[in-house]
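> everything below, folded, please.
(one chain, ligands or ions: 1)
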Amino acid sequence: MAIAIEVQNLSKQFVLRHTRSIKEAFVWLVKGRKGDLSEKFHALKGIDLVVNQGETVALLGLNGSGKSTLLKHISGVMLPDTGSVRTKGRVAGLIEVGAGFHPDLSGRDNVYLNGAILGMTEEEINDRFDSIVEFSEIGQFIDTEVKFYSSGMYLRLAFSVAVHTDPEVFLVDEILAVGDEPFQKKCIAKIKDLAEAGKTLMVVSHDLDLVSKVCKRGVVLEHGQVVLDGQVEAAVKWLRNDHGPSSDG
Ligand SMILES: Nc1ncnc2c1ncn2[C@@H]1O[C@H](COP(=O)(O)OP(=O)(O)OP(=O)(O)O)[C@@H](O)[C@H]1O
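Numbers count the residues shown, from 1 in each chain. Below is the predicted model:
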């Protein structure tokens, strides 16, 4: 089976504290600039993950375990310190509401901007424009500058553009949470359609019932490492009953 996502030995560090007191900086200088002045921590540590085409994967874990950071690496908006990420085909999705949108442009212009960022040609966007607007239900607000949109309206337009790019790999972060219930249902139905059409799916969510319905495979992260990779039911059970090394002895 063809590989859609291949993550190899991926590590990412973030700086914990950016500012230093003059005293700290002085001591550091006097000591000959030895060591690293900035404290860092590993958000992802040596992640290895292979996802085949057509797989539906739930990326699970407690707050701060590294799920969004991993998804950002797969989408290409973040680069690893070490290791590599390879994806096959067009990758689209919803990682952050408003990413790839310009606040001073109208919804209409942003459809073209975001569509282009996601790899659509102008002709493709022209052909799909009405369908994008219809799915988003933005209606008359399509010519309003998006800085005046509510977070739900942002989500609607961003989700609609993303699914209309006809992606091979679709990534969704918790983001659906800002949509109202009818729109969430519509998005979930659309995500299921993509899965049934053989697209590769990676979903980050704390809604364990939802991911159980949408995904077959579950990958659990803990402190930036994969601690479980198996059937989604096993991942959900692990999180609900035994999460954390301390609780399973
Ligand atoms: N740009 C950044 N700069 C510094 N630290 C960051 C940055 N992005 C993420 N982090 C840190 O990396 C860790 C992992 O964050 P991440 O958002 O990936 O977690 P998550 O598993 O998605 O959490 P949640 O379930 O709360 O959304 C956190 O401790 C977070 O503070």
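> mean confidence score for the helix or strand harbouring residue 93?
Following DSSP states H and E, one finds residue 93 within strand 91-94. For strand 91-94, mean pLDDT is 84.
> same for it, what does it pack against?
With contacts defined as 3 or more CB pairs under 8 Å, 6 or more residues apart in numbering; DSSP states H and E, strand 91-94 has these neighbours: helix 67-75, helix 151-164, strand 169-172. The way it works is simple: take the backbone N, C-alpha and C, and place the C-beta from them, glycine included.
> change it to 7 Å
helix 151-164, strand 169-172 (3 or more CB pairs under 7 Å, 6 or more residues apart in numbering; DSSP states H and E).
> list the buried residues in the first one.
Residues 153, 154, 155, 156, 157, 158, 159, 160, 161, 162, 163, 164 are the ones in helix 151-164 that count as buried (16 or more other CB atoms under 10 Å).
> what residues does it touch?
92-94, 97-98, 101, 107, 110-111, 114-115, 118, 128, 131-132, 135-138, 141, 146, 175, 178-180, 183, 187, 190 (CB atoms under 7 Å, 6 or more residues apart in numbering).
> same deal with the last one?
Applying CB under 7 Å, 6+ apart, the set of residues contacting strand 169-172 from outside is 4-5, 71, 74-75, 87, 89, 91-95, 191, 194, 199-204.
> how about it: buried residues?
Those would be 169, 170, 171, 172, for strand 169-172 by 16+ other CB under 10 Å.
> turn these into JSON lines, columns for pLDDT and distance to the ligand.
Shown next, in JSON lines, are the buried residues of strand 169-172 (pLDDT from 0 to 100; distance: CB to the nearest ligand atom, whole Å):
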{"residue": "169", "pLDDT": "93", "distance to the ligand": "18"}
{"residue": "170", "pLDDT": "92", "distance to the ligand": "18"}
{"residue": "171", "pLDDT": "92", "distance to the ligand": "13"}
{"residue": "172", "pLDDT": "89", "distance to the ligand": "13"}
